[in-house]
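Undergrad: for reference, the sequence and a predicted model appear below.
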Amino acid sequence: MFAFTKKSDSSSPRQLRYLNFISQFSTDIRHITGSKNVVADTLSRISDVHLPKVDFSAMMNAQASYEELQALLSKNELSLLLKPLSTNPTSSKLYCDISNDIVRPYVPASFRKTVFQSLHNLSHPGIRATKRLFGQRFVWPSMQKDISNWTRSCLDCQRSKVIRHTSSPLRSFHLPSARFDRVHLDLVGPLPPSDNCEYLLTCIDRFTRWPEAVPISDISA
């Protein structure tokens, strides 16, 4: 409704055409119970959500033998106040930062990606929001850089958000010394159908530069 009430000067010609088309229809809002609206109700519910669980007991054991943490404890180069805290009287102690009155566990390298996925996959926030989320709960030396890289490379975020996707750098390969030492494959398509085929599987032998193109009907596994 707000789009119809605001001034048209701020709308693009395309938006004005859309609003003109939408204004031809009337709106009748009704409540339909979920039992009578099965398709929409089912689509609105996530049936299977898998989030990695953080095993803090295993993290305690990893901290005990983690050289980076031991070096930080001995040199004290960071502005962190790392103290061993017990989650319960019978367990080992987990090193946490308590420098700003917030208990933040120190995360060894082998647990960092799991910890990232356990929080970021809840709602897939952006880089700044993810950094805020982690800054209140965990700590490790390269946390800001790691979070930026992992958030940019999150496949779900790239599929659903309008962002500039991070492209992988081009790789270089060693020069081949014989035929079939290295063969490059690629898929081309969809193309105009021919004999029920819409795609091409291309193969090039790097040593001889011999190309082959094989028509295929689909590219599903």
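TA: Ah, there it is. Numbering: from 1, shown residues only.

Undergrad: domain-wise, how is this structure divided?
TA: Domain assignment for the chain by the TED database gives 56-159, 183-216.

Undergrad: state the distance from the residue sitting nearest the centre point of the chain to Leu122.
TA: Residue closest to the mean C-alpha point of the chain, counted by C-alpha atoms, centre = their mean, is Cys154 at 1.8 Å. Per C-beta to C-beta, to the nearest Å, Cys154 is found 12 Å from Leu122. Placement of C-beta: from N, CA and C, glycine included.

Undergrad: one step back: in CSV: the domains of the chain, plus mean pLDDT and distance to Arg30.
TA: As requested, these are exported to CSV (pLDDT from 0 to 100; distance: least, C-beta to C-beta, whole Å):
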stretch, mean pLDDT, distance to Arg30
domain 56-159, 80, 30
domain 183-216, 88, 41
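
Undergrad: and those, which is most packed in?
TA: Of the domains of the chain, the one with the most neighbours on average (mean count of other C-beta atoms under 10 Å) is domain 56-159, at a mean of 15.

Undergrad: what's the closest non-adjacent residue to Ser194?
TA: Pro215 (7.0 Å; C-beta to C-beta, 6 or more residues apart in numbering).

Undergrad: with just CA atoms, put the helix or strand where the one you found lies into CSV.
TA: Using DSSP states H and E, Pro215 maps to strand 211-216. The C-alpha trace of strand 211-216 is given here as CSV (Å, rounded to 0.1, in the frame of the first residue of the first chain):
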residue,chain,number,x,y,z
PRO,A,211,39.6,-31.4,-28.9
GLU,A,212,36.4,-33.5,-28.6
ALA,A,213,32.8,-32.4,-28.1
VAL,A,214,30.2,-35.0,-27.1
PRO,A,215,26.5,-34.1,-27.3
ILE,A,216,24.5,-35.0,-24.1
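
Undergrad: partner strands of that strand and their direction?
TA: Strands adjacent to strand 211-216 in the sheet, as given by DSSP bridges, are strand 199-205 (antiparallel).

Undergrad: what does the partner strand rub up against?
TA: Residues from elsewhere that reach strand 199-205 (C-beta atoms under 8 Å, 6 or more residues apart in numbering): 179-180, 182-191, 210-219.

Undergrad: quick check, pLDDT for the residue in the chain sticking out farthest from the centre.
TA: Most distant from the centre of the chain: Gln24, at 40.8 Å, with distances by C-alpha atoms, centre = their mean. For Gln24, the pLDDT comes out at 79.

Undergrad: the one 4 residues further on now?
TA: Residue-level confidence at Asp28 comes out at 79, pLDDT.

Undergrad: SS state for it?
TA: Assigned state for Asp28: coil (three-state reduction, DSSP: H, G, I helix; E, B strand; the rest coil).

Undergrad: can you tell me how far it is from Leu19?
TA: 19 Å.

Undergrad: neighbour-wise, which of these two wins?
TA: Neighbours per residue, other C-beta atoms under 10 Å: of Asp28 and Leu19, the larger number sits with Leu19, 13 against 5.

Undergrad: my guess is the more buried one contacts Ser11, does it?
TA: Yes - proximity of Leu19 to Ser11 meets the contact threshold set by C-beta atoms under 8 Å, at 7.0 Å.
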